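**Q** Pasting the sequence and the predicted coordinates here, then a few questions.
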Amino acid sequence: MKNAPADDANALTLQIKRTAQQLGFDLVGISPVAAPKHEQSFAQWLRAGFAGELDYMKRTELLRRDPSELVPWASSVISVGLNYYTASPRPQPAEQLDGWISRYAWGDDYHDLMKSKLLALLDGVGCSKGILPAWRDSAGSAKTPS
């Protein structure tokens, strides 16, 4: 029974990854809760104004630089990626093209889609939604999934 905790962790990792893929996530990874190696360069990037008008990046800087500030009790973070590319062809331009709607905006709202998939992932691996945050790029609260 010496390997039981490691075996349990490996089984849970596989379950999380399998469930995420079944839900349509293109990428899934699990990493320790720790400040990333690039956190200082991220801080410099923000100070240089490269986030533009993405105010949530500035508002959540500390959480992005050190995820333990968001979930101090956690040991791992599950990160997922979803390709929202829409393969539909671009329509032929009219005589005067006034603008173009980005492909990611053609379908359902990306944030709503991510929220439902993240909550389904939590459900699919048997986690309580009230305990774990489902955090998207718009930066929700740790108390309630966003």
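**A** Received the coordinates, thanks. Numbering: from 1, shown residues only.
**Q** Please save the CA atoms from the lengthiest helix in the chain in CSV.
**A** Among the elements of the chain assigned as helix by DSSP state H, the one spanning the most residues is helix 4-22. In CSV, the C-alpha atoms belonging to helix 4-22 read as follows (Å, rounded to 0.1, in the frame of the first residue of the first chain):
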residue,chain,number,x,y,z
ALA,A,4,-1.6,4.1,-2.8
PRO,A,5,-1.5,8.0,-2.6
ALA,A,6,0.6,8.2,-5.7
ASP,A,7,-1.6,5.8,-7.5
ASP,A,8,-4.7,7.8,-6.4
ALA,A,9,-3.1,11.0,-7.6
ASN,A,10,-2.3,9.4,-11.0
ALA,A,11,-5.8,8.0,-11.3
LEU,A,12,-7.3,11.4,-10.5
THR,A,13,-5.0,13.2,-13.0
LEU,A,14,-6.0,10.8,-15.7
GLN,A,15,-9.7,11.2,-14.8
ILE,A,16,-9.4,15.0,-14.9
LYS,A,17,-7.6,15.0,-18.3
ARG,A,18,-10.0,12.4,-19.8
THR,A,19,-13.1,14.4,-18.6
ALA,A,20,-11.7,17.7,-19.9
GLN,A,21,-11.1,16.2,-23.3
GLN,A,22,-14.6,14.7,-23.4
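**Q** Show me the contact partners of that helix.
**A** Contacts with helix 4-22, where a contact means CB atoms under 8 Å, 6 or more residues apart in numbering, come from 28, 30, 78, 80, 121, 124, 125. All C-beta spots, glycine's among them, are computed from the backbone N, C-alpha and C.
**Q** Columns pLDDT and secondary structure on top of those residues, output as a markdown table?
**A** Shown next, in a markdown table, are the contacts of helix 4-22 (pLDDT from 0 to 100; DSSP: H, G, I helix; E, B strand; the rest coil):
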| residue | pLDDT | secondary structure |
| --- | --- | --- |
| 28 | 96 | strand |
| 30 | 93 | strand |
| 78 | 89 | strand |
| 80 | 93 | strand |
| 121 | 93 | helix |
| 124 | 89 | helix |
| 125 | 87 | coil |
